[in-house]
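[1] using only what follows, build the 3D model:
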Amino acid sequence: MSSDPVVFLPGMMCDARLFAPQMADLSRDRAVTVAPITGGARIEAIGAALLDVLPARFALAGLSMGGIVAMELLRCAPGRITRLALMDTNPLAETPHSAAGYEPLIAKLRAGLVPEAVEMILGAGVLAPGPGRAGVLALATQMAQGLGAEAIIAQVRALQRRPDYQAELRRCKVPALVLCGAQDGLTPPRRHEFMAGLLPDARFVLVEGAGHLPTLEQPEAVTAALRDWLAQPFVLRGRVEG
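    Below you'll find the model as predicted:
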């Protein structure tokens, strides 16, 4: 199993609590950290700020906007990333129409209506239904309130202007995990099947009973998938490295 440190990148509005179950498990036998994605109003600026403080080489796992920033790091510094996990995310650039769709969210944030903004993002069809949904939504709201409206607006602006990362995925040379909650209506499973097809060495995992935040909705299943990813052999041009 790889002993590289693991760097988690949380989604928009989220902090380290998004990965609390996985950190508790993985930190028993490896270095684990969560890096904030609040370092600028463009994905490129966020990625550049992170590369200044991250380890020389690391396994990288990002969820939602964190996955987009992970793809930016792959673009800028592929030699530093030893493994890549993309969860409930999207490699495509926004269209002008879809970018404009964020403006009502920004209006709520500017008005200080952070809980209402969280509900806009994680409303019906985004998280899996069931008794755990209310607790996940409450934690998401707490994380968003901790970041504050201005930081979230900067994240939204970065998403609106993000580049397309399909070419970076095709060039990826490290073991990859593509994971998605089966009931994620925001970044649906079919998008992740597409991403897995772009990556030369990827495993696709669909997490039942989870939506857009599977690390919290089905933490044990996600942790198991991440441990399998960290144990995945590195294969390059017919050579296998443990």
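[2] host element of F204?
    strand 202-207 (DSSP states H and E).
[3] just the buried residues of that strand, please?
    Across strand 202-207, burial judged by 16 or more other Cβ atoms under 10 Å covers A202, R203, F204, V205, L206, V207. C-betas here are computed from N, CA, C, even on glycine.
[4] spatially, what comes nearest to the spatially most central residue of the chain if we skip its sequence neighbours?
    For the chain, the residue nearest the mean C-alpha position is L63 (1.4 Å; Cα atoms, centre = their mean). Computed as Cβ to Cβ, 6 or more residues apart in numbering, the closest residue to L63 that is not its neighbour in sequence is M87, at 4.2 Å.
[5] wait, the one you found touches T215, no?
    Yes. M87 is within contact range of T215, at 7.3 Å (criterion: Cβ atoms under 8 Å).
[6] shared neighbours of the two, which are they?
    Residues touching both M87 and T215 (Cβ atoms under 8 Å, 6 or more residues apart in numbering): L63, V222.
[7] measure E208 to G181 for me?
    Per Cβ to Cβ, to the nearest Å, E208 is found 8 Å from G181.
[8] who's more crowded, these two?
    Taking neighbours as other Cβ atoms under 10 Å, E208 and G181 compare with G181 leading, 30 against 11.
[9] touching, that one and G211? I think so.
    Yes. With contact defined as Cβ under 8 Å, G181 and G211 form a contacting pair (4.5 Å).
[10] shared neighbours, these two?
    A128, E217.
[11] mind listing the strands for the chain?
    Using DSSP state E, the strands found in the chain span residues 6-9, 32-34, 58-63, 81-87, 176-181, 202-207, 234-236, 239-241.
[12] ok, the closest residue to A149 other than its chain neighbours - contacts?
    With Cβ to Cβ, 6+ apart as the criterion, A149 has its nearest non-adjacent residue at 4.3 Å, and that residue is L109. By Cβ under 8 Å, 6+ apart, the contact set of L109 is A117, A149, I152, I153, V156.
[13] same thing with H192?
    L86, D88, V178, L179, C180, F204, L206.
[14] give the buried subset of those as a ChimeraX selection command.
    Of these, the buried ones go into a single ChimeraX selection, burial set by 16+ other Cβ under 10 Å:
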select :86,88,178,179,180,204,206
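[15] in a markdown table, list the contacts of H192 along with pLDDT and distance to D4.
    Output for these, formatted as a markdown table (pLDDT from 0 to 100; distance: Cβ to Cβ, whole Å):
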| residue | pLDDT | distance to D4 |
| --- | --- | --- |
| L86 | 98 | 17 |
| D88 | 98 | 23 |
| V178 | 98 | 19 |
| L179 | 98 | 18 |
| C180 | 98 | 24 |
| F204 | 98 | 22 |
| L206 | 98 | 26 |
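[16] with distance to T38 as extra columns, can I get the contacts of H192 in TSV?
    What follows is these, written out as TSV (distance: Cβ to Cβ, whole Å):
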residue	distance to T38
L86	20
D88	19
V178	25
L179	24
C180	24
F204	30
L206	30
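[17] separation between G101 and R110?
    16 Å.
[18] could you find the closest non-adjacent residue to R157?
    Excluding the flanking residues, the one nearest R157 by Cβ to Cβ, 6+ apart is A41, at 4.6 Å.
[19] okay but that neighbour is in contact with A154, surely?
    Yes. A41 is within contact range of A154, at 4.5 Å (criterion: Cβ under 8 Å).
[20] neighbour count for the two, which is higher?
    For A41 versus A154, neighbours defined as other Cβ under 10 Å are more numerous around A154 (19 against 15).
[21] tell me the pLDDT of the residue nearest to L63.
    For M87, the model assigns a pLDDT of 98.
[22] much appreciated, bye for now.
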